[in-house]
Every structure is written in C-alpha cells, then in structure tokens.
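J.: the following comprises the amino acid sequence and a computationally predicted model.
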Amino acid sequence: MKIILPNGEVVELDQHLNIHEKKEIVEKLKCEWIDTITKDKYAWFNNNTKYFLDSLANYLVWHKDNIDKCKHDKEVLSKKRVDKLSNFRKDSKEIPFSNLPKEQQQDLGIEV
C-alpha cells in the first residue's frame, strides 16, 4: 500500500505482514512524524497530514489474515444490487394494482 508522508514523499508499505507488524510500522511512522503533525493547531488542516493519517488508518483497517483472504462477506450486497433494490419502484415495469385506474381494477376482478 502506498502512503504519502507529510513532506509529500510516497512510501510503499508491505501488505503481507501480520497485524502486529503493521501496528509497529504505523507506530514508528507516527512517532517519526509526530512533531510535524502537532507543531501547531493548523497542521491538522494540512492536506498532507490528513492523507498521511488517513492512509495509516486504512493500512490497519483493511488488514486481512491469510485465513480470510479468499472469503468475502455474504451479508454485504454489491453496490449494483443495493441500487437495484433502492430504485425498484423507479425502474420497475410492474405497476401496483392500487395505481391502476378503477376501470382496469374492475376489469381484472379487483374489488374497488
């Protein structure tokens, strides 16, 4: 994973480490750049600082152990499926019986 240091330099971090090794790397980088991050109250609003901290957080959050590498969460729907479910009424060719005119409801045998 590539991260951008607060000085703008790009560094590649190894993705194939275990979580404890990743924590050590993050802690080392954090300690190395703590002066830059906390030098004044406006350092937090610097884009380089934001990207650096966000990248370090993502480096830890998106960690997968070897056991979990080939698995994916069956409970999570794809973006396409979620969009399809949320736009069902908009995209659907089906018309609810309650939206039909009274004459068509009577023709279909639905009591009005």
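T.: Ah, there it is.

J.: which helix or strand contains Asn48?
T.: helix 47-61 (DSSP states H and E).

J.: now do the strands in this structure.
T.: 2-4, 10-12 (DSSP state E).

J.: show me what contacts the closest residue to Glu12 other than its chain neighbours?
T.: Closest residue in space to Glu12, ignoring its immediate chain neighbours: Lys2 at 5.5 Å, by Cβ to Cβ, 6 or more residues apart in numbering. Where C-beta positions appear, they are placed from N, C-alpha and C, glycine not excepted. Counting by Cβ atoms under 8 Å, 6 or more residues apart in numbering, Lys2 touches Val10, Val11, Glu12, Leu13, Ser55.

J.: what about Lys2, distance to Gln15?
T.: For Lys2, the distance to Gln15 (Cβ to Cβ, to the nearest Å) stands at 10 Å.

J.: about what we covered before: could you dump the strands of the chain to CSV with mean pLDDT and distance to Ser86?
T.: CSV is the format used below for those (pLDDT from 0 to 100; distance: least, Cβ to Cβ, whole Å):
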stretch, mean pLDDT, distance to Ser86
strand 2-4, 88, 34
strand 10-12, 92, 38
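
J.: for Thr49, which of these is the nearest?
T.: strand 2-4 (9.9 Å; Cβ to Cβ).

J.: no more questions from me, cheers.
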